[in-house]
Each structure stands twice: as C-alpha cells, then as structure tokens.
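Engineer: only the shape, not the letters, is given here:
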C-alpha cells in the first residue's frame with residue numbers, strides 16, 4: 001500500500017506536508033490533520049462581519065471573564081479577570097517573562113528532554129539552562145531529589161512543560177508538589193507551559209495546574225496556556241498568561257506588557273470560543289487521539305524487544321526509543337528511507353535512537369504510517385547491513 005497525500009495535501013498551507021518529499025508521511029510538527037473546530041470558525045466569521053478596528057479592552061468586554069470562569073470551573077482556581085493577560089503567542093510570552101525574571105549569570109531549571117524553545121528562552125537571557133532529567137518510564141518520573149541536586153545559589157526559576165513535550169508525560173500531584181516545595185524552599189519562580197492541558201488521553205487522569213496547589217504556588221507561578229494545540233490553531237496563535245495571584249500578572253502587565261504583542265481581535269474571538277466550553281469537536285478529537293494511541297500500542301507490542309514506548313497520559317506525541325535496533329544509524333534516518341518522517345530525538349537533547357511521533361493525522365494515513373513503522377521493526381537488517 002502506498003500512502004497518497006490526499007486530505008493533508010489539499011491544504012497548501014501545511015508546513016510539514018509542503019516540505020515532505022512526495023510519498024512520505026510526516027508525523028513531525030505539533031499540529032493536527034483535521035478541520036478547524038466549527039465553533040471557532042463561527043466565532044471568526046461573526047467577528048469578520050464587522051470592521052477590524054481596535055477591539056475594546058478584553059478585561060471588560062468578555063474574553064477575560066470567559067477564560068477566568070473556565071479556570072475556576074475546571075480547576076477551582078481563584079482567578080479573576082485581572083489575573084488574565086491575553087497575548088499574541090506562547091513563545092513570545094515565555095521569552096518576555098524570562099527576560100524580565102533572569103539576568104546573565106543566573107540559572108533556570110527545565111525538564112529534559114525538552115521542546116527546544118524552552119531552554120533556548122532561558123539561554124537568550126544570558127542565564128544557564130540546567131536540565132532536570134524526566135525519567136518518564138520511572139514511577140514517579142520526577143522527585144524532589146532530582147530538583148535539589150541541580151539547584152544552586154544562582155538558580156532563579158523553574159520552567160515547566162506540563163503536559164510534557166516530547167514525552168506526553170502528565171505530571172502527577174506528587175511530582176507537582178515536589179516542584180512547588182522546591183520553589184518555596186529555594187525562593188524560585190515558576191513559569192509553566194500548559195498548552196497541551198486539554199489533550200489528556202488517560203481517562204483516569206486529570207491535568208493539575210501547578211498554580212492551583214497552594215497560595216504559595218499561586219504567588220510564584222505564571223501559567224501560559226492556549227487553544228493552539230487542543231483546537232489546532234497554530235496559524236492563528238493567541239495565548240493566555242494567567243495566575244490566581246493577580247499581582248503577579250499585574251507586574252508583567254505594567255513592566256513588560258508593552259513589549260508583548262497583545263491578542264488581536266480574531267485571536268480574542270477564537271480564545272473566547274475555545275474557552276466557553278468543551279465543544280463536540282474537541283470531544284471527538286480526544287476520542288480519535290485515544291483510538292490512535294491505542295492502535296500505536298497494539299502495533300508496537302509485538303516489537304517490545306526492539307522499541308521502548310510508554311504511552312503518555314496526554315498530548316498527541318509518542319516518545320519512542322529504538323535502542324540499537326538500527327545499529328548506530330539514527331532511527332529517523334532509517335524510518336525516512338521507508339517513507340515515514342518523525343522528529344529526531346537529538347532535537348530534544350536525547351540520543352539519536354529516540355524519535356517523537358505525532359499521531360494526530362487522519363486514520364487512513366495513520367494506518368499506513370503504522371504499517372511502515374512496524375515493517376522497519378520487522379526487518380531491521382535492511383538498515384543495519386548497509
């Protein structure tokens with residue numbers, strides 16, 4: 001069977017499909033091959049029916065109230081409209097906050113392996129990014145000792161990604177408590193990237209924002225969230241910076257707010273629609289991702305000796321370790337020769353035997369992708385004898 005670039009190829013604006021060689025299936029970038037949520041499209045059309053003038057302040061015109069109500073209802077967070085800051089994008093917000101918090105010579109911890117822009121945001125300030133290995137196959141994956149052994153007198157902040165990219169690990173209450181306690185005892189700030197928080201796949205688990213653990217955690221934490229992953233809005237952008245401790249957001253608003261791009265009218269409309277409630281489209285998306293993760297587990301189970309995979313509780317990422325299956329060749333090089341593109345583990349600071357697979361493509365393409373993946377595992381000699 002040869003995969004055809006049908007529905008994804010019909011979108012000429014998809015970077016990974018435009019850049020992929022003909023006949024290959026790219027399970028790389030963190031976006032989904034599916035239509036946009038109709039609730040988002042309706043909100044955008046309604047906004048486009050009016051002139052695209054400067055919007056009224058979002059803290060008084062509705063968006064901040066809607067988003068604050070979401071966090072109060074979903075997580076019991078005591079967040080008010082003034083504790084909401086809407087910006088143009090997650091990475092710009094992360095970089096601006098860290099530039100405000102850190103100075104050359106400081107240190108900040110992050111969980112490794114890591115989505116590259118997180119440690120890069122630390123080093124751009126002149127500070128040192130200190131990796132804390134996240135042993136996602138271990139239980140617990142993170143302990144207080146993991147943190148304490150890497151905290152020094154120069155440590156100023158902890159940068160989290162929860163749910164975690166690339167492993168899909170969802171930090172437990174115990175792991176979050178260890179982080180919050182370490183931050184309290186060493187007087188560290190926390191910035192938590194939680195943009196995959198609505199993509200929890202394990203029905204027995206729930207996402208816990210670290211800012212909701214205690215009054216102290218709320219005081220020292222800023223959380224970045226967005227609908228870009230859950231509602232597939234990477235091309236539109238828009239982000240939420242929030243805290244139950246309103247002075248923490250006020251500090252950012254007053255000191256560096258002018259350097260942050262504010263969320264524009266269309267971004268505000270999309271964010272309001274996304275955070276009003278969990279739409280039927282989001283519910284269906286979660287069901288599809290759960291099925292495809294289960295299909296991946298079933299396909300890889302007969303190959304346990306050649307690949308290590310522990311399904312993450314959240315996100316649409318699979319963090320795969322091919323070990324020595326393909327000899328000393330990078331796993332992604334071998335798979336690419338079979339028509340399957342994955343993100344190299346080296347991108348995330350891991351050995352070349354690792355790869356990140358994004359399983360948020362269409363069911364027919366995912367079926368073919370699994371065929372190509374298992375074929376490479378069944379016949380590793382094709383690569384190791386080259």
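Structural biologist: Thanks, I have the structure now. Computed from a predicted structure; not experimentally measured. Residues are numbered from 1 along each chain as shown.
Engineer: where does the stretch 251-386 of the chain dip in pLDDT?
Structural biologist: Within the stretch 251-386 of the chain, the ranges that satisfy pLDDT under 70 run 384-386.
Engineer: where exactly do the helices run in it?
Structural biologist: Counting by DSSP state H, counting those that start in this stretch, the stretch 251-386 of the chain has these helices, from start to end: 265-276, 280-300, 331-337, 363-378, 381-384.
Engineer: out of these, which is the most enclosed?
Structural biologist: Most buried of those, by mean neighbour count (mean count of other Cβ atoms under 10 Å): helix 265-276, with a mean of 23. Backbone N, C-alpha and C define where each C-beta goes, glycine included.
Engineer: and it, what does it pack onto?
Structural biologist: In this structure, helix 265-276 makes packing contacts with helix 38-48, helix 63-75, strand 84-87, judged by 3 or more Cβ pairs under 8 Å, 6 or more residues apart in numbering; DSSP states H and E.
Engineer: and with 10 Å instead?
Structural biologist: For helix 265-276, the helices and strands in contact under the criterion 3 or more Cβ pairs under 10 Å, 6 or more residues apart in numbering; DSSP states H and E are helix 38-48, helix 58-61, helix 63-75, strand 84-87, strand 239-242.
Engineer: now those as CSV including distance to residue 347?
Structural biologist: Supplementary listing: the helices and strands packed on helix 265-276 in CSV, determined by distance: least, Cβ to Cβ, whole Å:
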stretch, distance to residue 347
helix 38-48, 29
helix 58-61, 35
helix 63-75, 31
strand 84-87, 26
strand 239-242, 23
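Engineer: relative to residue 153, which of the ones you listed is closest?
Structural biologist: With distances scored as Cβ to Cβ, the stretch of the helices and strands packed on helix 265-276 nearest to residue 153 is strand 239-242 (28.4 Å).
Engineer: adjacent strands (with direction) for the closest one?
Structural biologist: Strand partners for strand 239-242, identified by DSSP bridges, are recorded as strand 84-87 (antiparallel), strand 221-225 (antiparallel).
Engineer: okay if I get these as a markdown table plus mean pLDDT, distance to residue 381 and mean neighbour count?
Structural biologist: Shown next, in a markdown table, are the strands paired with strand 239-242 (pLDDT from 0 to 100; distance: least, Cβ to Cβ, whole Å; neighbours: other Cβ atoms under 10 Å):
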| stretch | mean pLDDT | distance to residue 381 | mean neighbour count |
| --- | --- | --- | --- |
| strand 84-87 | 97 | 51 | 24 |
| strand 221-225 | 98 | 46 | 25 |
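Engineer: wait, which of those is closest to residue 130?
Structural biologist: strand 221-225 (18.7 Å).
Engineer: hmm, back to that, now for the helices of the stretch 251-386 of the chain, which one comes closest to residue 316?
Structural biologist: With Cβ to Cβ as the yardstick, what comes closest out of those is helix 280-300 (5.3 Å).
Engineer: that closest one versus helix 38-48: what angle between them?
Structural biologist: Computed with axes from the mean of the first three to the mean of the last three Cα atoms, to 10 degrees, the direction of helix 280-300 lies at 140 degrees from that of helix 38-48.
Engineer: for helix 280-300, the distance to its chain's centre please.
Structural biologist: 17 Å (Cα atoms, centre = their mean, to the nearest Å).
Engineer: returning to what we had before: got the helices of the stretch 251-386 of the chain as a markdown table, with distance to residue 19 columns?
Structural biologist: Formatted as a markdown table, the entries for the helices of the stretch 251-386 of the chain read as follows, by distance: least, Cβ to Cβ, whole Å:
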| stretch | distance to residue 19 |
| --- | --- |
| helix 265-276 | 26 |
| helix 280-300 | 23 |
| helix 331-337 | 13 |
| helix 363-378 | 16 |
| helix 381-384 | 23 |
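Engineer: nearest to residue 281, out of the helices and strands packed on helix 265-276?
Structural biologist: Checking the helices and strands packed on helix 265-276 against residue 281 by Cβ to Cβ gives helix 38-48 as the closest, at 6.1 Å.
Engineer: state the helix or strand in which residue 55 lies.
Structural biologist: In the assignment (DSSP states H and E), residue 55 maps to no helix and no strand.
Engineer: quick one: it and residue 161, what's the gap?
Structural biologist: Noted for residue 55: a distance of 30 Å to residue 161, by Cβ to Cβ, to the nearest Å.
Engineer: kindly report the same for residue 97.
Structural biologist: Relative to residue 161, residue 97 is positioned 14 Å away (Cβ to Cβ).
Engineer: partner residues bridging residue 225?
Structural biologist: Counting by DSSP bridges, residue 225 forms beta bridges with residue 240.
Engineer: so who does it touch?
Structural biologist: For residue 225, the contacting residues are 67, 70-71, 90, 192-198, 209, 239-242, 271, 275, taking Cβ atoms under 10 Å, 6 or more residues apart in numbering as the criterion.
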